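**Q** what's the 3D shape of this:
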Amino acid sequence: MKVKNPSLNGIVGAAETTLGVVAGAKLSNGASELIPLENKTYAKLAVAAVGLVAASAIEGKDTLGKLAKNACIGMAVQQGGELISETVQPMLPEPTGKGVNKFLHDSFGMNAPASMGRALGNPFTTDAFLRSPAMGLSETDEPVSEGGFATA
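**A** Below is the predicted model:
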């Protein structure tokens, strides 16, 4: 491996790669939800597989080809990561908030407040987290629906 001074072409290339991968990762979340399967694990697996196969089939050397290939890689990485997290989460011990335990829980998306559950993407509920000063809500704010508050 050789490390050299960054060049404008190198920075542009890295930006193209990053943009493609991030765009593909974000769009893959929507794509997996569009697949009409009851078991969302299979939908995520399908999107990851399509991303991987499509990335291996794209050979474009121009900007659009690079973006498309990297978007497909992003799809596979995002959905593959979600599948790994879903597989590992049930195997982890209860959170202690310390050391390796904290690192593992943070790595697999389990660092949310306990009232939010173990799954990512749960809607916020009325709890101490939402009533924290950082959220700008007080103890007297009344919930109007899950995730919403009416203030006096």
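**Q** In terms of helices and strands, where is the residue nearest the centre of the chain?
**A** In the chain, the residue lying closest to the centroid (Cα atoms, centre = their mean) is Gln78, at 6.4 Å. According to DSSP states H and E, Gln78 maps onto helix 63-88.
**Q** so what are the domain limits for this protein?
**A** Under the assignment automatic domain parsing, the domains of the chain span 8-96, 112-152.
**Q** Which of the ones you listed comes out lowest on mean pLDDT?
**A** Mean pLDDT is lowest for domain 112-152 among the domains of the chain, at a mean of 47.
**Q** hmm, back to that, which strands or helices does the helix holding Gln78 pack on?
**A** Secondary-structure packing of helix 63-88 (3 or more Cβ pairs under 8 Å, 6 or more residues apart in numbering; DSSP states H and E): helix 8-34, helix 40-57. (Glycine included, C-beta is placed from N, CA and C.)
**Q** gap between the last one and the chain center?
**A** Here the centre of mass of C-alpha atoms in helix 40-57, compared against the chain's by Cα atoms, centre = their mean, to the nearest Å, lies 16 Å away.
**Q** cool, and stretch 86-94?
**A** In terms of Cα atoms, centre = their mean, the centre of stretch 86-94 is set 17 Å apart from its chain centre.
**Q** same thing with stretch 78-92?
**A** Averaging C-alpha positions (Cα atoms, centre = their mean) puts stretch 78-92 11 Å from its chain's average.
**Q** just to revisit the earlier point, identify the residues contacting the closest residue in space to the residue nearest to the centre of the chain that isn't next to it in sequence.
**A** Excluding the flanking residues, the one nearest Gln78 by Cβ to Cβ, 6 or more residues apart in numbering is Ala25, at 3.7 Å. Neighbouring residues of Ala25 by Cβ atoms under 8 Å, 6 or more residues apart in numbering: 74-75, 77-78.
**Q** how far away is Ala25 from Glu82?
**A** Remark: distance between Ala25 and Glu82 (Cβ to Cβ, to the nearest Å) = 10 Å.
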